[in-house]
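Quick one: sequence and predicted model below, then my questions.
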Amino acid sequence: MDLVEFALLLILTGVLAGIVGSLTGLGGAVVALPVLVVAFAVPFPEAAGAGLLTVLATSSTTGAAYLRDRLSDLRIGMFLEIATVPGALIGASATVFLVHAQLSDALLIALGAVLLSLIPGVIVRGRNRPPTLPDRISRRWGLTGAYYDERRQEEVRYAGARTRPALGVAFVAGIVSGMFGIGGGVFKVLAMEHYLGLPMKVSTATSNFMIGVTGAAGASVLLVAGYVNPIIGAPLVLGTVAGALGGSRVLPKLRNRTVRWLFVPVIAVLAVEVILRGLGLA
Amino acid sequence: MTDPSRPAASSTAGPAAPELPDSTYARMALVLRLGLTIAIVLLAGALVARVAQSAGSSAGTWIATNPLVRQLNLQLFAHDLLSRDPTAYLTLGVCALIATPVVRVIAGLAAFAHHHDRRMAALTTVVLALLLFGLLVVGPLVR
C-alpha cells in the first residue's frame, strides 16, 4: 500500500471513529483500534497506543462542545476520575507486561471479548428509570446538577445515588481503558447511568469529558514504554477530530435510541474479527 | 447557569448542587480547544512534511518504524526538533494531545480552589498527582 493511500485510509478510519465515539460517549477507539489490528495489521500494543490517541482527540473535541452546552458535569467527572486514573495506570502496566511475555494474541482475544461485552450495555441504556435520591457521599460531595434538554424543551435535574458501586465500575473502566487502549466509556456511562442514576445525555457528555484524563493516564505509560507510534497516530487523530466535531453537533438533537443503534452492528463485526485475528484464524 | 428564558425544571431528582459559573466551563472549554489546536497544527504540518519526505515508500515501513523509540531520549528528541525532523514534531503533537487533559485537570483545580471548594480541590490534586505518578514513575518502571 502506498504511503499517501495509507494516510488517507487512516484519516477516514479516524473520521468514522470520531463520529461513533462522540455520539456514543465511548471515545472512538472502539472503532479505530480493531480496524488498525484487522485491516492494517498494526501490532496490538501500538494499536492500543494509537487507540488512546483517538480517545484523547475525541475527548478534547467533544469535551469542549459539551462544556459549552453545559451537558458535562465537571464535579461528577472529577469525582469518578479518582477511580479511573489508578485503574488506567494498572491496565496499561498490565498490557506492557503481557506484551513483554509474548501474550499479544491473548490480549487480542480479550479485546474482542471486551468489545462484545460492551454491546448489551449499549442496548439496554436509557430504559425508563425512576428518579434517584442522592446518597450520603453524593450529598457530601455535591454530586447533583441540571441541564436543559433541547428535544424535550425542559430543564432536567439529577442527583448521584449509589456512589460506591459507581466508583467500583469506574475503576474497572480505567483498567479496561489502559489495558486495551479504548476509552472505557461504556463502563463510565454504566457507572453514571445505572448506579449514579444520571440522564443519558449527561452520562454521555461527562464520559466523553472524563475519558481524556483516563486516556492520558494510560497513554503516558504506553508512551514512555515506546508503544505510541506518532506516524500511525497522527492521521488517525486528524480524522477523529473531524468526525468528533460533526458528531458532537448532532448529539443534542438525536433520540437516545438512534444513538444506541448506530453503534451496535459496527462493533459486533469488528469484535469478531479481532477475536479471529487473536486465534490466528484471520 | 441555566437560561432564565427556558421553561422551568420539570423533573426529577433532588436539589441541584451549587453550580460552578459559566466562566469556569468556558475556561475549561478554552483549555481543551487550545491544547487540541496546538496538537492538530503540529500533527497536520508534520504529517504533510513526513509524507512529502517519504513519497514512494510503503505503508509497512511506517508501521514498522516508530520514531518515538529514539525520541524517548530527550537529547536526541531535542536534536531532531532542531534539525526539523518531521517525526519529532509528530511526537511533539502527540505530547500536546496527551498533556491537554492534564492541563484541564490543573484548570479544574484552579477553579475549585478559586471557589473555595476545598474538598473538590483536594480530590483534583490527588488526580493530578496520580497522572504525574503514571508518567514519571509507572511508565519508566514498566518500560
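Yep, it's here. Note that the coordinates shown come from a computational prediction; the quantities given were computed from them, not determined experimentally.

quick one: the strands in chain A?
A:144-149, A:154-159 (DSSP state E).

Mean pLDDT for the ones you listed - can I get that in a markdown table?
What follows is the strands of chain A, written out as a markdown table (pLDDT from 0 to 100):
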| stretch | mean pLDDT |
| --- | --- |
| strand A:144-149 | 83 |
| strand A:154-159 | 84 |
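
For the nearest residue to residue A:224 once chain neighbours are set aside, list the residues it contacts.
Among residues not flanking residue A:224 along the chain, residue B:139 sits closest, at 2.9 Å (CB to CB, 6 or more residues apart in numbering or on different chains). Every C-beta, even on glycine, is put in place using the N, C-alpha and C of the backbone. Contacts here follow CB atoms under 8 Å, 6 or more residues apart in numbering or on different chains; on that basis residue B:139 touches A:220-221, A:223-225.

Would you state the secondary structure element containing residue B:139?
helix B:139-142 (DSSP states H and E).

Which positions in that helix come out as buried?
B:139, B:142 (16 or more other CB atoms under 10 Å in any protein chain shown).

Mind pulling up the pLDDT for residue 1?
Let's take chain A. Per-residue confidence (pLDDT) for residue A:1: 74.

Please refer instead to chain B.
At residue B:1, the model reports a pLDDT of 41.

what's the answer for residue A:211, then?
pLDDT, read off for residue A:211, is 89.

So what's the residue count around the residue of chain A at minimum distance from chain B?
Closest to chain B within chain A is residue A:224: 2.9 Å, counting by CB to the nearest CB. By other CB atoms under 10 Å in any protein chain shown, the residues close to residue A:224 number 23.

doesn't residue B:137 make contact with it?
No - using CB atoms under 8 Å, residue A:224 makes no contact with residue B:137, being 9.8 Å away.

Quick one: residues contacting the residue lying closest to residue A:104 once chain neighbours are set aside.
Among residues not flanking residue A:104 along the chain, residue A:44 sits closest, at 4.4 Å (CB to CB, 6+ apart). When contacts are counted by CB under 8 Å, 6+ apart, residue A:44 touches A:37, A:99, A:104, A:107-108, A:111.

go with 7 Å
A:37, A:99, A:104, A:107-108 (CB atoms under 7 Å, 6 or more residues apart in numbering or on different chains).

and if you look at residue A:187?
A:169, A:172-173, A:176.

Could you export those as TSV, including distance to chain B, pLDDT and neighbour count?
Listed next are those as TSV, based on distance: CB to the nearest CB, whole Å; pLDDT from 0 to 100; neighbours: other CB atoms under 10 Å in any protein chain shown:
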residue	distance to chain B	pLDDT	neighbour count
A:169	17	91	24
A:172	17	92	18
A:173	15	90	30
A:176	16	90	28
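
Okay, now the unreliable bits of chain A?
A:24-27, A:121-132, A:248, A:251-260, A:262, A:282 (pLDDT under 70).

Format the contacts of residue A:44 as a markdown table; extra columns: neighbour count.
What follows is the contacts of residue A:44, written out as a markdown table (neighbours: other CB atoms under 10 Å in any protein chain shown):
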| residue | neighbour count |
| --- | --- |
| A:37 | 26 |
| A:99 | 19 |
| A:104 | 18 |
| A:107 | 22 |
| A:108 | 25 |
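
Would you check which pair of those residues lies furthest apart?
Across the contacts of residue A:44, the longest distance by CB to CB is 13.5 Å; it joins A:37 and A:99.

got any ranges where chain B has weak pLDDT?
In chain B (pLDDT under 70), the answer is B:1-19.

let's see 50
B:1-16 (pLDDT under 50).

Identify the residue of it closest to chain A, quick one.
Per CB to the nearest CB, residue B:139 is where chain B lies closest to chain A, at 2.9 Å.

buried stuff in the lengthiest helix in chain A?
The helix that spans the most residues within chain A, counting by DSSP state H, is helix A:74-100. Across helix A:74-100, burial judged by 16+ other CB under 10 Å covers A:74-96, A:98-99.

Equivalent analysis for stretch B:108-127, please.
B:108-109, B:111-112, B:117, B:120-121, B:123-124, B:127.

Contacts for stretch B:65-74, please.
A:46, A:224, A:226, A:228-231, B:76-77, B:80, B:87-88, B:91.

and stretch A:32-39, does that touch chain B?
No - residues of stretch A:32-39 are not located near chain B by CB under 7 Å from any CB of the partner chain, the shortest gap being 9.3 Å.

Next one: the most centrally placed residue in chain B from residue B:33, what distance?
In chain B, the centroid-proximal residue (CA atoms, centre = their mean) is residue B:100; its distance is 1.8 Å. As judged by CB to CB, to the nearest Å, residue B:100 and residue B:33 stand 9 Å apart.

Same check on residue B:24?
Counting by CB to CB, the gap from residue B:24 to residue B:33 is 15 Å.

Show me where chain B has its strands.
So, for chain B - with DSSP E - the strands run B:9-12.

wait, residue B:128 sits on residue B:105?
Yes - Residue B:128 lies in contact with residue B:105 (CB atoms under 7 Å); the separation is 5.1 Å.

neighbour count winner among those two?
Ranked by neighbour count (other CB under 10 Å), residue B:128 and residue B:105 place residue B:105 first, with 22 against 18.
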